[in-house]
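sequence and predicted structure below; questions after.
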Amino acid sequence: MNYPICQTCGVQYDQAHFDPDHCRICEDERQYVGWSGQRWTTLEEMAAGGYRADIREEGELTGIGTAPAFAIGQRALLVPGEGGNVLWDCVSYVDEEAVAAVQAAGGIAAIAVSHPHFYSSAVSWSEAFGGAPIYLHEADRKWVCRDGNITFWAGDSHEILPGRTLVNCGVHFAGGTVLHWAAGADGRGALCTGDILTVVMDRRYVSFMYSYPNHVPESPAVIERALALLEPFAFDTIYGGWWGRVVATDGKGAVARSAARYLGRLGFSTPSRPRPPTC
Ligand SMILES: [Zn+2]
């Protein structure tokens, strides 16, 4: 209950990683230190402060967020299938009521997190569900702030439970991961992306950023590797990292036209080749 949680990024620390003056997630150039300086809270303080889990439907899935919104404000998802639910991405806040509600929705057999900004209280969630394994890509190992039952996986893709496959798109973070849900969208497939591919306000599109709060674009080579890795996967729906950020249909087309638009603005065509000099 008393593990420190950064108020800006929402990531929970254990004593081995904690330094009261610094959050290394926030000091990285992809994030920012809160304007009032480094501030911490705990699950106990959050409960006393009136936070609660916000658990409701998101399309075909069960979403898990926090009310009022906390830190980066993402919502997690329960992705069902043979062998139990995957908790895709994670949130900072968890209490007994949240655990009971998730238990009623089938519980959690495994946890997978897209990138370090959403590591949040994954270890607390794991411990609340019998030590469910947490799958993180090994390229982001150095960003782990609380040790727990973490399985670091390597390579381009990894099926963690039947029909739930992690793909290391590598956008935003080297270990940046999305989850392909084969049975999603009535069998046409769904992709849960966090903000590795972020569903933007025009929900026919996604975007690809190295830093979202600081508006730093992702490099064309990284985006093209991600497109190539996603090529074999069918998906119609894309679930982004926040409530309502969903591409309802033609997800595959949305990724293609979003990448073409983005790379075009950067002066690349798809597949990328620097444009020849004009003189
Ligand atoms: Zn932080």
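Received, thanks.

shaky segments in the protein?
In the prediction, the chain carries residues with pLDDT under 70 at positions 270-279.

quick one, what contacts residue 60?
Contact analysis of residue 60 by Cβ atoms under 8 Å, 6 or more residues apart in numbering lists 184, 185, 190, 237. For every residue, glycine as well, the C-beta is placed using N, CA and C.

residues contacting the closest residue to the third one other than its chain neighbours?
So the one you mean is residue 190. Nearest non-adjacent residue to residue 190, counting by Cβ to Cβ, 6 or more residues apart in numbering: residue 184, 2.6 Å away. Listed by Cβ under 8 Å, 6+ apart, the contact partners of residue 184 are 60, 79, 190, 191, 235, 236, 237.

please flag which of those sit within strands.
79, 190, 191, 237 (DSSP state E).

pipe these into a markdown table and attach neighbour count and distance to residue 102 per row.
As requested, the ones in strands among the contacts of residue 184 are arranged in a markdown table below (neighbours: other Cβ atoms under 10 Å; distance: Cβ to Cβ, whole Å):
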| residue | neighbour count | distance to residue 102 |
| --- | --- | --- |
| 79 | 26 | 13 |
| 190 | 28 | 20 |
| 191 | 29 | 22 |
| 237 | 23 | 22 |
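
and residue 256, what helix or strand is that in?
Assigning secondary structure by DSSP states H and E places residue 256 in helix 251-265.

now that helix: buried residues?
Of the residues in helix 251-265, those buried by neighbour count under the rule 16 or more other Cβ atoms under 10 Å are 251, 252, 254, 255, 258, 259, 262, 263.

closest to the ion out of those?
Of all the buried residues of helix 251-265, the one with the least separation from the ion (Cβ to the ion) is residue 262, at 27.5 Å.

residues from this structure in reach of the ion?
By Cβ under 5 Å from the ion, the part of the chain that sits against the ion consists of 6, 8, 9, 23, 25, 26.

ok, the first one - contacts?
Pointing back at residue 6 there. Contact partners of residue 6, counting by Cβ under 8 Å, 6+ apart, are 13, 23, 25, 26, 38, 39, 40, 71.

now the residues you listed in JSON lines, with secondary structure and neighbour count?
What follows is the contacts of residue 6, written out as JSON lines (DSSP: H, G, I helix; E, B strand; the rest coil; neighbours: other Cβ atoms under 10 Å):
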{"residue": "13", "secondary structure": "coil", "neighbour count": "20"}
{"residue": "23", "secondary structure": "coil", "neighbour count": "26"}
{"residue": "25", "secondary structure": "helix", "neighbour count": "19"}
{"residue": "26", "secondary structure": "helix", "neighbour count": "20"}
{"residue": "38", "secondary structure": "coil", "neighbour count": "16"}
{"residue": "39", "secondary structure": "coil", "neighbour count": "13"}
{"residue": "40", "secondary structure": "strand", "neighbour count": "16"}
{"residue": "71", "secondary structure": "coil", "neighbour count": "22"}
